[in-house]
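Visitor: no FASTA, just this:
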């Protein structure tokens with residue numbers, strides 16, 4: 001399989017408040033995709049950051065009685081810290097208000113579009129939602145209110161710079177309909193094509209410095225105007241690559257990349273699938289190759305940003321601190337469908353973690369290791385991993401640090417002794433066919449699911465190994481085989497070796513296969529099943545059940 005150079009990016013959120021679980025969804029999805037591609041040998045760059053130059057940030061700072069710069073720094077730092085709180089592996093984090101790469105890139109992009117004749121000034125008035133930083137036509141409103149935030153827009157009248165979006169309708173439609181710019185899922189692609197077919201109007205790309213309250217990047221050559229925050233923010237995908245100075249990173253990761261992939265929420269689809277590609281066309285730059293669109297996480301049926309304080313109850317850092325990183329990541333991957341909104345509750349997070357991670361995977365590994373120790377003194381020969389899978393000894397220290405991890409199957413990764421069926425390695429038992437089948441199918445199914453950005457299906461493919469392994473334990477009852485062996489049944493002893501060899505191999509392979517999804521738990525599983533020293537470590541709990549009473553007491557304290 002040929003390798004590719006892949007540039008992945010998330011959207012960059014406003015920092016008028018701390019992160020909520022909806023922000024974590026996109027970050028975790030991007031991290032899974034990056035880890036998966038890295039371990040298959042692709043060269044990957046994953047980027048995220050914060051949108052600091054929004055008017056919403058200025059208004060939030062005024063309400064808090066602090067300077068905009070102080071509020072932006074405080075909240076942007078909290079977003080950056082999600083790297084540790086969620087075990088993320090992003091390679092770059094850009095802050096649009098302070099990163100020295102950003103402003104020169106935005107200014108260069110502006111001048112390139114100006115040179116194409118696509119920027120002009122005019123007077124206008126329109127209905128503007130400050131929280132969206134977007135103008136709406138009357139027909140787009142919901143009972144006179146912003147359809148996303150439920151607040152009435154402001155009537156704004158002033159003279160600004162406009163971008164000739166209408167000039168690029170044909171090129172955009174052709175790029176999207178041909179698949180040159182792939183938008184997933186198909187329903188979102190059709191939505192964008194319908195929007196383009198309805199006619200594209202030029203849009204305002206600057207604000208008066210008074211309305212922007214002096215915050216933002218001035219328009220080149222017109223200091224009384226500030227560049228529209230969406231123009232500013234969208235540029236981050238290339239400004240972080242030093243587009244402004246023509247650096248080598250831009251050539252390597254944008255111009256020459258095989259894939260340029262944006263992960264975005266449906267509320268910002270128009271900006272990423274219409275405005276941003278049009279700006280790139282005007283500037284003579286390559287388009288993204290793919291845009292994956294996810295739907296919303298809700299609380300009590302309402303989008304978290306609309307739900308009146310519910311975001312505070314779903315801070316991903318707090319959730320990870322209380323329930324664990326693995327529990328938060330797993331809920332986002334196992335519960336969120338490819339399309340459609342899903343309601344988040346702490347009860348659902350706890351239930352999924354207890355059912356899958358404690359009762360499913362944790363219990364499987366613990367009882368298999370315990371059986372090996374009670375019947376074989378910790379020594380067993382695992383069955384060989386099938387083609388396409390690998391056994392992974394352990395993750396390097398510092399999960400989430402690019403380059404500090406040993407990816408399963410990557411160059412330099414350790415391989416379990418006997419991998420590939422060396423002499424003396426036991427064959428898989430005939431009655432383990434279903435388990436072996438799940439193991440063989442998982443890498444293929446994960447690859448196919450992530451190619452269509454279906455993270456829930458990918459997680460389910462790996463989880464099929466856990467389910468089949470637990471079924472195999474129940475069907476073979478190795479404790480009975482051990483008892484029969486102690487009573488003098490040598491055939492039962494041979495059978496026990498075969499069963500335990502299959503189960504230990506399954507657990508070792510699981511450590512590798514689950515790594516993109518749960519890197520921390522994968523390292524624990526790998527360590528629990530490490531037979532490189534000749535024997536497995538003593539059994540220990542991997543993922544204790546989350547007890548609601550204990551959680552309530554911890555929160556109360």
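Guide: Happy to help now that I have it. Since this is a predicted model, take the numbers as computed values, not measurements.
Visitor: partners of residue 292 in the sheet?
Guide: residue 184, residue 263 (DSSP bridges).
Visitor: How much space separates it from residue 338?
Guide: Separation of residue 292 from residue 338 (Cβ to Cβ, to the nearest Å): 9 Å. The C-beta positions use only the backbone N, C-alpha and C, and glycine is treated the same way.
Visitor: neighbour count winner among the two?
Guide: A count of neighbours by other Cβ atoms under 10 Å puts residue 292 above the other of residue 292 and residue 338, at 23 against 17.
Visitor: Could I get the pLDDT score of that one?
Guide: If you check residue 292, the pLDDT there is 98.
Visitor: got the end-to-end distance for stretch 75-90?
Guide: By Cα to Cα, to the nearest Å, the extent of stretch 75-90 from end to end equals 18 Å.
Visitor: wait, doesn't residue 231 sit right on residue 106?
Guide: Yes: judged on Cβ atoms under 8 Å, residue 231 makes contact with residue 106 at a distance of 7.3 Å.
Visitor: pLDDT weak spots in the stretch 451-557 of the chain?
Guide: Residues of the stretch 451-557 of the chain that meet the criterion pLDDT under 70 lie in 549-557.
Visitor: switch the cut-off to 80
Guide: 548-557 (pLDDT under 80).
Visitor: Could you pull up the mean pLDDT of the helix or strand residue 113 falls within?
Guide: With secondary structure defined by DSSP states H and E, residue 113 is part of helix 102-115. Computed over helix 102-115, the mean pLDDT rounds to 98.
Visitor: same check, this time on stretch 241-253
Guide: The model assigns stretch 241-253 a mean pLDDT of 96.
Visitor: Show me which positions of it end up buried.
Guide: By neighbour count on 16 or more other Cβ atoms under 10 Å, the buried set for stretch 241-253 is 241, 242, 243, 244, 249, 250, 253.
Visitor: what's the distance between stretch 493-512 and the middle of its chain?
Guide: Mean-position distance between stretch 493-512 and its chain equals 32 Å (Cα atoms, centre = their mean, to the nearest Å).
Visitor: go on, stretch 48-62?
Guide: Going by Cα atoms, centre = their mean, where stretch 48-62 is centred and where its chain is centred differ by 23 Å.
Visitor: Next, the distance between the ends of that stretch.
Guide: End to end - Cα to Cα - stretch 48-62 spans 26 Å.
Visitor: do stretch 112-123 as well
Guide: Termini of stretch 112-123 sit 23 Å apart (Cα to Cα).
Visitor: So what touches it?
Guide: 110, 157-164, 167, 205, 220, 279, 282-285 (Cβ atoms under 8 Å, 6 or more residues apart in numbering).
Visitor: which one is residue 108 nearest to, not counting chain neighbours?
Guide: The shortest distance from residue 108 to any residue other than its chain neighbours is 4.9 Å, reached at residue 244 (Cβ to Cβ, 6 or more residues apart in numbering).
Visitor: ok, now how distant is that neighbour from residue 276?
Guide: Residue 244 is 17 Å from residue 276, by Cβ to Cβ.
Visitor: swap in residue 232?
Guide: 12 Å.
Visitor: Check residue 120 too.
Guide: 20 Å.
Visitor: Check residue 162 too.
Guide: Residue 162 is 16 Å from residue 276, by Cβ to Cβ.
Visitor: Who has more neighbours out of those two?
Guide: residue 276 (23 against 19).
Visitor: is it true that that one touches residue 234?
Guide: Yes: assessed by Cβ under 8 Å, residue 276 is found in contact with residue 234 at 4.6 Å.
Visitor: how about the helices in the stretch 251-400 of the chain?
Guide: In the stretch 251-400 of the chain, the segments counted as helices under DSSP state H, counting those that start in this stretch are 269-270, 276-283, 316-323, 325-335, 346-352, 363-376.
Visitor: which one of those is the most hemmed in?
Guide: Mean neighbour counts were taken over the helices of the stretch 251-400 of the chain using mean count of other Cβ atoms under 10 Å, and the top value, a mean of 24, falls to helix 325-335.
Visitor: pLDDT on it, on average?
Guide: Helix 325-335 carries an average pLDDT of 98.
Visitor: How about residues contacting it?
Guide: By Cβ under 8 Å, 6+ apart, helix 325-335 touches 21, 24-25, 28-29, 32, 85-87, 316, 319-320, 342, 344, 348-350, 352-353, 356-357, 455-456, 458-460, 463, 517-518, 520-521, 543, 546.
Visitor: From these, list just the buried residues.
Guide: For the contacts of helix 325-335, buried by 16+ other Cβ under 10 Å: 21, 24-25, 28-29, 32, 85-87, 316, 319-320, 342, 344, 349-350, 352-353, 356-357, 455-456, 458-460, 463, 517-518, 520-521, 543, 546.
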